[in-house]
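K.L.:
Output the structure for:
(chains A and B)
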Amino acid sequence: KNEVEQSPQNLTAQEGEFITINCSYSVGISALHWLQQHPGGGIVSLFMLSSGKKKHGRLIATINIQEKHSSLHITASHPRDSAVYICAETMIKAAGNKLTFGGGTRVLVKP
Amino acid sequence: DGGITQSPKYLFRKEGQNVTLSCEQNLNHDAMYWYRQDPGQGLRLIYYSQIVNDFQKGDIAEGYSVSREKKESFPLTVTSAQKNPTAFYLCATTAGYQETQYFGPGTRLLVL
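P.N.:
Below is the predicted model:
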């Protein structure tokens, strides 16, 4: 069974700072997902990637398949980035396209 | 306006009572999922359905039941056999293999 580990569990940053969240997994995957959960509970998918790097606005996601590691970077952080960021993976040939989730990283950006 | 709706937003259950959480989608997605989230823990899969009239148990299916009679709907029943039902329940859909999952707004279930 794959394990998905995130670090740190909690992160506090000042507005404008560069933020990095890390995710590691134990077995081969077909895709790695980064999700954002707002304080009200709603979850939004940010990225799905299987290799390389993706960028959307101030968010950048990278993955290193050999090292079984992915990072989510937030550049020029803003208080509205405060949320829980969740890493999840789809294992190769997983029935039903099931996701395995990390425990999440709670990010607080102070003005 | 495409999306996933879950109702109610808050639900209260009395001891020994079955309650049903609604999940409706108009995205025309084949696959639907139910997850449970407990404070400080990752999401865990309860049940999933890849096609109408078919569903599979996830990692924590005991005490729950589902049906998939229509493509748009995937209701979850929390039975009296679920001894610790207090949690945040999220429904999700996906268009196909290795596609992005879309999440509903969630239902918070509390036991009276």
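
K.L.:
show me where pLDDT drops low in the chain?
P.N.:
In the absence of a named chain, chain A is used. Along chain A, segments meeting pLDDT under 70 span A:1-2, A:92-94.

K.L.:
nope, chain B please
P.N.:
Scanning chain B for pLDDT under 70 picks out the ranges B:1-2.

K.L.:
ok, which residues in it are in contact with chain A?
P.N.:
B:31, B:33, B:40-45, B:48, B:50, B:56, B:58, B:88, B:90, B:92, B:94, B:96-103, B:105-106, B:108 (CB under 8 Å from any CB of the partner chain). In this view, the C-beta of every residue, glycine as well, is placed from N, C-alpha and C.

K.L.:
Let me see the ranges of the strands in chain A.
P.N.:
A:4-7, A:10-14, A:19-25, A:29-37, A:43-49, A:52-56, A:59-64, A:69-74, A:83-91, A:100-101, A:105-110 (DSSP state E).

K.L.:
which secondary structure elements does the helix or strand that contains residue B:35 contact?
P.N.:
Element membership for residue B:35, per DSSP states H and E: strand B:31-37. Packed against strand B:31-37 by the contact rule (3 or more CB pairs under 8 Å, 6 or more residues apart in numbering or on different chains; DSSP states H and E) you find strand B:19-25, strand B:44-51, strand B:87-94.

K.L.:
Before I go, just wanted to say thanks for your time.
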